[in-house]
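Participant: make a model of this:
(one chain, ligands or ions: 1)
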Amino acid sequence: MTHDHDLATPVLAARNVRFSYGRGAEVLHDVSLALAPGETVGLVGESGAGKTSLLRLLLGLGSPTSGEILFEGRPLDRRDTRRLLAYRRAVQPVYQDPFSSLDPRMRVGDSIAEPLRSLRLPGGPARRAARVAELLEAVDLPADAGERFPDAFSGGQRQRIAIARALAPEPRVILADEPVSALDTSVRMQVIELFQRLARERGIGMLLVSHDLTIVSALCRRMAVLEGGRLVEEGNTRGVLTDPRHPYTRRLLASVPRLPAL
Ligand SMILES: Nc1ncnc2c1ncn2[C@@H]1O[C@H](COP(=O)(O)OP(=O)(O)OP(=O)(O)O)[C@@H](O)[C@H]1O
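Facilitator: I've put the predicted structure just below:
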């Protein structure tokens, strides 16, 4: 696998994206957002703003009604299977609910190894087992965790397992939809710290959907604000949180009980 990626080209971008579910009303109106290599971006906005819809399109789980999703600078072509495979390896999701994102009948090690198989990464069983051990260590889980089933683990541990699985194909970006909001407050910060470490040590880019500005300010250098399907503000997180330009962002900030320390 080569790692000499072009540092100037965004890994993933939405360009003038419009989207509606079936014949329903449009839920994304001309949204453009780019993720540079290794960049951490927070996507915030109230419930129904379109955050999850945008994430789904970036994950390839649907197509924009108009506009494009660009991977490494070029639109995705469904017929180009080689490039599609590279995209599926490079862009990995982490979901909100770690209780429904893992197959309860599969041993944790098999769940983590599953993307290696389905994304056709080279290596046989021995190499996969070594990789699973490495991934468990990367997310601070004991080596024997791979032998057990998901029900042996707490919510925070399950989210670590989901993160290990997302890391398996050596992604360039992780798209995380409210990855800690289902967890107990006591373990939230630990999972956030894990994301921070992965971004720092592995240079993995991150698009983090959250309604929690404390988390966004801890993890994301840049942030974008969606309101009613439109990107109304975007910029350096510190800048946006200290000097919000858009009235909607000001209201969002005002609704946070305690402003994150900047
Ligand atoms: N499967 C669906 N079919 C039809 N409409 C949908 C579907 N999923 C979402 N919507 C609608 O699309 C709009 C945007 O929803 P979306 O889930 O993307 O927002 P969100 O910002 O992620 O909200 P939340 O924070 O509540 O998850 C909403 O009006 C929602 O009702």
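
Participant: Ile174 sits in which helix or strand?
Facilitator: For Ile174, the host element (DSSP states H and E) is strand 173-177.

Participant: can I get the CA coordinates of that strand in CSV?
Facilitator: Only the C-alpha atoms of strand 173-177 are listed here, as CSV (Å, rounded to 0.1, in the frame of the first residue of the first chain):
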residue,chain,number,x,y,z
VAL,A,173,-10.6,9.4,7.1
ILE,A,174,-13.1,8.4,9.7
LEU,A,175,-16.6,9.7,9.5
ALA,A,176,-18.1,9.5,12.9
ASP,A,177,-21.8,10.2,13.6
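
Participant: from the contact counts, what lies against the helix or strand following that strand?
Facilitator: Using DSSP H and E, the helix or strand that directly follows strand 173-177 along the chain is helix 185-202. The contact analysis (3 or more CB pairs under 8 Å, 6 or more residues apart in numbering; DSSP states H and E) places helix 185-202 against helix 155-167, strand 173-177, strand 205-209, helix 213-219. No exception for glycine: its C-beta is placed from N, CA and C like everyone else's.

Participant: now render those as TSV, adding mean pLDDT.
Facilitator: Listed next are the helices and strands packed on helix 185-202 as TSV, based on pLDDT from 0 to 100:
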stretch	mean pLDDT
helix 155-167	95
strand 173-177	97
strand 205-209	97
helix 213-219	90
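
Participant: residue ranges with poor pLDDT in this protein?
Facilitator: 1-4, 257-262 (pLDDT under 70).

Participant: show me what from it comes close to the ligand.
Facilitator: Contacts of the chain with the ligand, taken as CB under 6 Å from any ligand atom, map to 21, 24, 27, 45, 47-53.

Participant: and these as JSON lines, adding secondary structure?
Facilitator: Formatted as JSON lines, the residues of the chain next to the ligand follow (DSSP: H, G, I helix; E, B strand; the rest coil):
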{"residue": "Tyr21", "secondary structure": "coil"}
{"residue": "Gly24", "secondary structure": "coil"}
{"residue": "Val27", "secondary structure": "strand"}
{"residue": "Gly45", "secondary structure": "coil"}
{"residue": "Ser47", "secondary structure": "coil"}
{"residue": "Gly48", "secondary structure": "coil"}
{"residue": "Ala49", "secondary structure": "coil"}
{"residue": "Gly50", "secondary structure": "coil"}
{"residue": "Lys51", "secondary structure": "helix"}
{"residue": "Thr52", "secondary structure": "helix"}
{"residue": "Ser53", "secondary structure": "helix"}
